[in-house]
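Peer 1: Sequence plus the predicted model coming up.
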Amino acid sequence: MKNAPAIILVSLIFIALGTSLYLINSSEKSHSPETWSSFVYTNGYNSGRYKKQDDFINYEACREHALETSIKFDNAPWECGLRCRFDSSRQGFQCETMKRE
């Protein structure tokens, strides 16, 4: 019974640590709506030139638009990005995820 206060203190520390980690992870999740952007690289992936269209409500709509635009530019490569935003430090768009399926 001499160790009871120490055991209680250690248990409280672990509970506080676990709660903190849970709250940090839940705050990192994006709560913004799912919006997709299509990128069609008219001069290939290595070019800075692309056609971008925003505000698709799902990947399928983005993909359909990207494929239609790609055909207009001789089957240019394309991608769709989820929740894209301009990153001024990298001078380009950064997306949570990019897909091309």
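Peer 2: On my side now, so go ahead. Everything numeric here is computed off the predicted structure, so don't read it as measured data. Numbers count the residues shown, from 1 in each chain.

Peer 1: tell me the SS of Ser37?
Peer 2: Under DSSP: H, G, I helix; E, B strand; the rest coil, Ser37 falls in the strand class.

Peer 1: same thing with Asn46?
Peer 2: On the basis of three-state DSSP, Asn46 is classed as coil.

Peer 1: how much space between it and Gln91?
Peer 2: 16 Å (C-beta to C-beta, to the nearest Å). C-beta here means a position set from N, CA and C on the backbone, and glycine is covered the same way.

Peer 1: what about stretch 37-46, start to end distance?
Peer 2: Terminal residues of stretch 37-46 are spaced 19 Å apart (C-alpha to C-alpha, to the nearest Å).

Peer 1: which outside residues touch it?
Peer 2: Stretch 37-46 has contacts (C-beta atoms under 8 Å, 6 or more residues apart in numbering) with 47, 49-56, 62-63, 65-66, 69-70, 73, 76-81, 84, 93, 95.

Peer 1: Going by residue numbers, what spans are strands in this protein?
Peer 2: 36-40, 51-56, 78-82, 85-87, 92-94, 97-99 (DSSP state E).

Peer 1: Nearest to Ile15, out of those strands?
Peer 2: Ranking the strands of the chain by their distance to Ile15 (criterion: C-beta to C-beta) puts strand 97-99 first, at 34.0 Å.

Peer 1: Within the sheet, what are the partner strands of the closest one, with directions?
Peer 2: Applying DSSP bridges, strand 97-99 is found paired with strand 78-82 (antiparallel).
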